[in-house]
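Asks: structure, please.
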Amino acid sequence: MNIYQNIKNNNKIYLIFGGFGAQPNHFTPFFPDNLIIVYHYQHLNFTPLEDILTLLISEQIEIEIYAFSMGVWVANLFLQNYNSPIFIKKTAINGTEFGIDDIYGIPLKVFKLTQKMFNLEHFKANLLGRHSTQSLNLLDEKSLKEELGFFISNHKAFQKGSIWDKVIISKQDLIFPTTTQELFWGGFKGYQEQILRLDSPHFVFFDWAVL
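Replies: So this is what the prediction gives:
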C-alpha cells in the first residue's frame, strides 16, 4: 500500500482508506489539509502507517477515519491491532468489512471476472455514475488488474468487526451493490441510526457537500 501525507497542523487529521483504484487526488479536492491517505494496495503491512500515527499520538491530535469501498475492509483489518482513543470518528462509505464475500460483499467470482475482463472506461463509468464527465485520474489497466489480484489473493483475511460511527450507502451504487451493503450494515451489524443513504453513485465525494 502507498501512503500520502499532507499535514500542516495537528488540530485534526483525516485518515482516509481509499478503495480499489484510488489515488490521493481523488480525495484532496473534498477534504481540507491534514490528510493521510492509504491507497493502491499491494500488501497488508500496516507498520509504516502505525509508525506515522505513533509519532502523532504524543501531540494530542484527533483523527477522523473515512474508509471508502474496499478501504472499509482494509480499515477493519488495521483497526484490530491499532485502535486508539485518538480516532474520534469512523465513517464507512460504500463498502463492508468483508470486502469480497458471496453474502456480505462483492462475490469472488465477480471480482475474478472483473480482473479477467477489466475495462478502464467501463469501470470509470460505474464508479462515477452521473458524474462521469468529471475528471478523475486512474492508473493504467495493468496496474489496476494487479491491484484486483491483491484483493483476490487476500480476500479471506477477516477479523472481528469494528465499531463505526456513521455508514454512508449510495442508492445508485454500480460497484458495491446497495442491497449487499444494506444487508451487512442494517442486518448483520444491526446499524440503523448510523446509516445515511444518499442518491449518489459509488464515488460519493462529488456529493460531499450534503454531508
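
Asks: which outside residues touch the least confident helix or strand in the chain by mean pLDDT?
Replies: Within the chain, no helix or strand scores below helix 47-57, which has a mean of 88 by mean pLDDT, DSSP states H and E. If you take C-beta atoms under 8 Å, 6 or more residues apart in numbering as the criterion, helix 47-57 is touched by 1, 3, 5, 10, 13, 15, 36, 38, 63, 78, 82, 84, 86. Every C-beta, even on glycine, is put in place using the N, C-alpha and C of the backbone.

Asks: and the residues you listed, which are buried?
Replies: Buried members of those, counted by 16 or more other C-beta atoms under 10 Å: 1, 13, 15, 36, 38, 63, 78.

Asks: local confidence estimate at the most centrally placed residue in the chain?
Replies: With distances taken as C-alpha atoms, centre = their mean, residue 68 lies nearest the centre of the chain, 2.2 Å away. We have a pLDDT of 98 for residue 68.

Asks: that one contacts residue 94, correct?
Replies: Yes - counting by C-beta atoms under 8 Å, residue 94 is a contact partner of residue 68 at 6.5 Å.

Asks: joint contacts of those two?
Replies: 19, 204.

Asks: residues in contact with the nearest residue to residue 172 once chain neighbours are set aside?
Replies: Closest residue to residue 172 apart from its sequence neighbours, by C-beta to C-beta, 6 or more residues apart in numbering: residue 201 at 5.0 Å. Residue 201 makes contacts with 126, 127, 128, 129, 130, 131, 170, 172, 173, 174, as judged by C-beta under 8 Å, 6+ apart.

Asks: at 10 Å what do you get?
Replies: 94, 125-132, 170-175, 207 (C-beta atoms under 10 Å, 6 or more residues apart in numbering).

Asks: of those residues, which one scores lowest on pLDDT?
Replies: residue 132 (84).

Asks: which element is the nearest residue to that one once chain neighbours are set aside on?
Replies: Nearest-residue entry for residue 132: residue 125, 5.2 Å, with adjacent residues in sequence omitted and distances by C-beta to C-beta, 6+ apart. Here residue 125 sits within helix 120-128, counting by DSSP states H and E.

Asks: what do you get for residue 15?
Replies: Assigned by DSSP H and E, residue 15 falls in strand 12-17.

Asks: direction included, what does that strand pair against?
Replies: strand 35-39 (parallel), strand 62-68 (parallel) (DSSP bridges).

Asks: for it, list the C-alpha coordinates in PDB.
Replies: The C-alpha trace of strand 12-17 is given here as PDB (Å, rounded to 0.1, in the frame of the first residue of the first chain):
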ATOM      1  CA  LYS A  12      -7.400  17.400  13.400                       C
ATOM      2  CA  ILE A  13      -6.200  14.900  10.800                       C
ATOM      3  CA  TYR A  14      -8.300  12.900   8.300                       C
ATOM      4  CA  LEU A  15      -7.100   9.400   7.800                       C
ATOM      5  CA  ILE A  16      -8.600   8.000   4.500                       C
ATOM      6  CA  PHE A  17      -8.600   4.400   3.400                       C
END
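
Asks: relative to helix 47-57, how tilted is that strand?
Replies: Using axes from the mean of the first three to the mean of the last three C-alpha atoms, to 10 degrees, the inter-axis angle of strand 12-17 relative to helix 47-57 is 170 degrees.
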